[in-house]
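Novice: Pasting a predicted model and its sequence here:
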Amino acid sequence: MKPALTLATLLLATAATAAHAMPGAGASTPHGAAAATAPVKKVAKATGPDARTVAEVVAGKAALKGKPVLVHAQVVKVTQGVMGKNWVHLQDGSGKAADGTHNVIATTKDTVAVGDVVNAKGTVRTDVNIGAGYSYAVLIEDAVLRK
């Protein structure tokens, strides 16, 4: 069994990679921008009253704050076991990398792998500050991820 990472351990481990911060995140985040890869192919939008694209969640964060959302997207990066959660970067082909509207992070207890296409249902949180300089403009918190 792999030991859970603490914030202090993560800070030490990621100090050299602080330059990977994404727009909307703090200057250094343990869950910095997903690795540069080919753009994600367009993933069909989820259906239902809470369905949103990644770009809609990021751009509409103020109106969605505290509300449930459902995003159908591809997992492009996973950081497991940080502060008792897995931190999952999701992209669906919407938005633009230049303004950071193409990627959203979901926190979850579920386990997924890079490349999985999932439905992520959780609550939008904005201006999340977890301390030590780690802050996020928008997250999908406590998401349930289903393949």
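Specialist: On my side now, so go ahead.
Novice: Give me the buried positions along stretch 92-112.
Specialist: For stretch 92-112, burial by neighbour count (16 or more other C-beta atoms under 10 Å) applies to 92-95, 100-108, 112. Quick note: C-beta positions are derived from backbone N, CA and C, even for glycine.
Novice: any idea how far residue 144 is from the nearest residue to residue 44 once chain neighbours are set aside?
Specialist: Sequence neighbours aside, residue 72 is the residue nearest to residue 44 in space, at 6.2 Å (criterion: C-beta to C-beta, 6 or more residues apart in numbering). Per C-beta to C-beta, to the nearest Å, residue 72 is found 13 Å from residue 144.
Novice: If the closest residue to residue 71 other than its chain neighbours is in a bridge, with which residues?
Specialist: In this structure, residue 71 finds its nearest non-sequential neighbour in residue 120, 4.9 Å apart by C-beta to C-beta, 6+ apart. Listed beta-bridge partners, residue 120: residue 71, residue 145 (assigned using DSSP bridges).
Novice: close enough to count as contact, residue 120 and residue 70?
Specialist: Yes. If you go by C-beta atoms under 8 Å, residue 120 and residue 70 touch, sitting 7.2 Å apart.
Novice: what's the residue closest to the geometric middle of this structure?
Specialist: Centroid-nearest residue in the chain, with C-alpha atoms, centre = their mean: residue 105, separated by 0.7 Å.
Novice: Report the secondary structure state of it.
Specialist: strand (DSSP: H, G, I helix; E, B strand; the rest coil).
Novice: who touches it in this structure?
Specialist: 31, 87-90, 136, 139-140 (C-beta atoms under 8 Å, 6 or more residues apart in numbering).
Novice: Mark which of these are part of strands, please.
Specialist: 87-90, 136, 139-140 (DSSP state E).
Novice: For stretch 43-53, which residues meet the burial criterion?
Specialist: For stretch 43-53, by 16+ other C-beta under 10 Å, it's 43, 45-46, 52-53.
Novice: just these now: which is nearest residue 66?
Specialist: Lowest distance from residue 66 to the buried residues of stretch 43-53 (C-beta to C-beta) belongs to residue 52, with 14.2 Å.
Novice: could you measure that closest one against residue 143, distance?
Specialist: 13 Å.
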